[in-house]
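> structure for this input, please:
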Amino acid sequence: MFRHFHQSSLRAGRKWAIALTMLTMSLCGIASPASAQAAYPFKPVTLVVPGPPGGITDQLGRLVAARLTSHFGIKVIVDNRPGAGGNVASEIVARAEPDGYTILLGTQGTMATNQYLYKALRFDPAKDFVAVHGLMSVPNILVVNSHLPYQSVKELVTFAKAHPGKLTVSSAGNGTGTHLAAELFQAQAGVKFVHIPYKGSAPSINDLLGGQVDMTFDYPASTLAQVQAGKLRALAVTGPTRLPLLPQVPTIAEGGYPDAQSTSWIGLFFPARTSTPIIKTWQDQVGRVLQDGAAIEAISKMGGMPLPLSGERFASFVQAERIKWKATIERSGATID
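Numbers count the residues shown, from 1 in each chain. As a prediction, the model looks like this:
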């Protein structure tokens with residue numbers, strides 16, 4: 001009888017043990033999504049870059065990816081997706097799952113101007129993305145051939161007003177930042193140049209050096225070496241402050257045209273509906289990157305300055321850029337397709 005009772009007790013104990021194990025597994029299963037979310041990121045994040053390897057956008061993307069990977073434990077993989085002025089990359093991210101594992105290195109073009117330059121986009125920059133954090137802003141430099149007589153913006157404008165349509169301005173192509181900066185300046189200064197678009201900055205600068213065109217509004221990466229060599233003369237920087245690499249060159253505002261201020265900029269954007277905790281994680285980590293001395297120095301060498309805006313401040317900045325460039329594009333009639 002005792003043996004029967006003992007065996008019954010063992011069987012009952014086994015049943016309770018099995019039931020307890022199943023209950024524990026069930027509770028663990030219920031808790032796993034929250035645990036996974038708390039452990040974000042638990043797999044690599046893809047940073048989609050709207051340009052080929054080697055350019056400034058790619059260089060900045062790889063800088064940020066390396067810093068986040070090595071210092072903050074966020075494994076970031078750069079995925080270059082050039083094409084259609086950045087629209088290819090933007091569409092990929094717009095359609096991605098909003099789970100925090102796909103993020104766009106957005107630019108002034110992809111987020112503020114392309115929607116007014118291209119007849120149809122298959123994404124909405126304002127509705128399909130959430131602005132996470134600014135990274136870098138890059139001013140244009142108004143440069144002329146060193147053989148021309150103009151020593152200041154004032155002298156250039158005086159001649160242009162006396163000879164409308166006489167001066168030529170080159171750009172890296174229709175709708176590029178180099179083109180739109182020139183259009184904005186003309187509107188604010190009340191002058192008219194003849195626009196000569198090229199397929200990239202290199203041929204534009206080459207013809208400027210050769211005297212085939214009179215001026216351009218290009219980036220430090222394209223103009224700095226020629227200015228330092230005395231082959232081009234820098235009249236103004238279009239950013240809000242003087243460029244550390246050219247401290248002697250005044251800003252466009254100092255030249256008398258504060259409303260002609262412009263920069264090309266780069267920042268991070270998640271697909272819309274990405275959760276707030278994930279966005280906050282990136283804002284905190286990127287904010288620290290932009291305070292790192294080595295990162296600041298690397299950005300300076302690219303001819304840029306950190307753009308330490310996040311959240312609503314960055315979103316407001318992007319919206320203001322859309323308004324400004326929409327008016328400039330409509331006034332100029334610029335189009336790409």
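> confidence score at the nearest residue to Met305 once chain neighbours are set aside?
Distances taken as C-beta to C-beta, 6 or more residues apart in numbering put Ser137 closest to Met305, at 5.6 Å, once the chain neighbours are dropped. For every residue, glycine as well, the C-beta is placed using N, CA and C. If you check Ser137, the pLDDT there is 97.
> after the host helix or strand of Ser137, next one along is what?
Per DSSP states H and E: Ser137 is located in strand 129-139. As assigned by DSSP H and E, the chain's next helix or strand after strand 129-139 is strand 141-145.
> now that next one - C-alpha only, CSV.
Output in CSV follows, covering the C-alpha atoms of strand 141-145 (Å, rounded to 0.1, in the frame of the first residue of the first chain):
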residue,chain,number,x,y,z
ILE,A,141,32.0,78.8,-51.7
LEU,A,142,31.5,81.6,-54.3
VAL,A,143,34.7,81.4,-56.4
VAL,A,144,35.8,83.2,-59.5
ASN,A,145,38.8,82.7,-61.8
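> name the helices or strands packed onto the strand holding Ser137?
Counting contacts by 3 or more C-beta pairs under 8 Å, 6 or more residues apart in numbering; DSSP states H and E, strand 129-139 packs against helix 56-72, helix 87-94, strand 102-107, strand 263-271, helix 276-289, strand 305-306, helix 311-332.
> deepest-packed of these, please.
strand 102-107 (a mean of 26; mean count of other C-beta atoms under 10 Å).
> that one vs helix 311-332, what angle?
Angle of strand 102-107 versus helix 311-332, following axes from the mean of the first three to the mean of the last three C-alpha atoms, to 10 degrees, is 50 degrees.
> packing partners for strand 102-107?
strand 45-49, helix 56-72, helix 87-94, strand 129-139, strand 263-271.
> let me know which of the helices and strands packed on strand 129-139 is the nearest to Gln186.
helix 311-332 (8.3 Å; C-beta to C-beta).
> and that closest one, how far out from the chain's middle?
Centroid separation between helix 311-332 and its chain, computed with C-alpha atoms, centre = their mean, to the nearest Å, is 14 Å.
> quick one: average confidence on that helix?
Confidence for helix 311-332, expressed as mean pLDDT, is 96.
> what's the helix or strand for Ala221?
helix 220-228.
> CA atoms only: put the strand holding Ser137 into CSV for me.
Coordinates of each C-alpha in strand 129-139 appear next as CSV, following Å, rounded to 0.1, in the frame of the first residue of the first chain:
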residue,chain,number,x,y,z
PHE,A,129,10.2,59.5,-42.7
VAL,A,130,10.9,60.7,-39.2
ALA,A,131,13.9,63.1,-38.7
VAL,A,132,16.3,61.6,-36.2
HIS,A,133,19.5,63.8,-36.0
GLY,A,134,21.5,66.2,-38.1
LEU,A,135,25.1,65.3,-38.9
MET,A,136,26.9,67.8,-41.1
SER,A,137,26.3,71.0,-43.0
VAL,A,138,28.6,72.1,-45.9
PRO,A,139,28.6,75.6,-47.2
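> give me the angle between it and helix 87-94.
140 degrees.
> quick one on the thing from earlier: could you point out the helix or strand that follows the helix holding Ala221?
In N-to-C order, the element after helix 220-228 by DSSP H and E is strand 232-237.
> now the angle from that following strand to strand 129-139?
130 degrees.
> one step back: which one of the helices and strands packed on strand 102-107 lies nearest to Ala315?
Between these, strand 129-139 lies closest to Ala315; by C-beta to C-beta that is 4.1 Å.
> tell me which residues touch the most centrally placed residue in the chain, please.
By C-alpha atoms, centre = their mean, the chain has its centre lying nearest to Ile266, at 1.6 Å. Taking C-beta atoms under 8 Å, 6 or more residues apart in numbering as the criterion, Ile266 is in contact with 57, 60, 105-108, 134-138, 307.
> returning to that earlier point: need the helices and strands packed on strand 102-107 in JSON lines with distance to Gly165, can you?
JSON lines is the format used below for the helices and strands packed on strand 102-107 (distance: least, C-beta to C-beta, whole Å):
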{"stretch": "strand 45-49", "distance to Gly165": "39"}
{"stretch": "helix 56-72", "distance to Gly165": "33"}
{"stretch": "helix 87-94", "distance to Gly165": "33"}
{"stretch": "strand 129-139", "distance to Gly165": "27"}
{"stretch": "strand 263-271", "distance to Gly165": "27"}
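> closest to Ile252 out of these?
That would be, of these and by C-beta to C-beta, strand 129-139, which comes in at 8.6 Å.
> from the middle of its chain, how far away would the closest one be?
Offset of strand 129-139 from its chain centre (C-alpha atoms, centre = their mean): 5 Å.
> and stretch 184-201, average pLDDT?
Regarding stretch 184-201, the rounded mean pLDDT is 96.
> now do that stretch: everything it contacts.
142, 157, 160-161, 164-165, 167-174, 178-179, 182-183, 204, 207, 213-215, 217-219, 222, 238, 252, 257, 259-260, 262, 324, 328, 331.
> how about it: buried residues?
If you call a residue buried by 16 or more other C-beta atoms under 10 Å, then stretch 184-201 has these buried ones: 184-189, 191-193, 195-198, 201.
> nice, that's everything, thank you.
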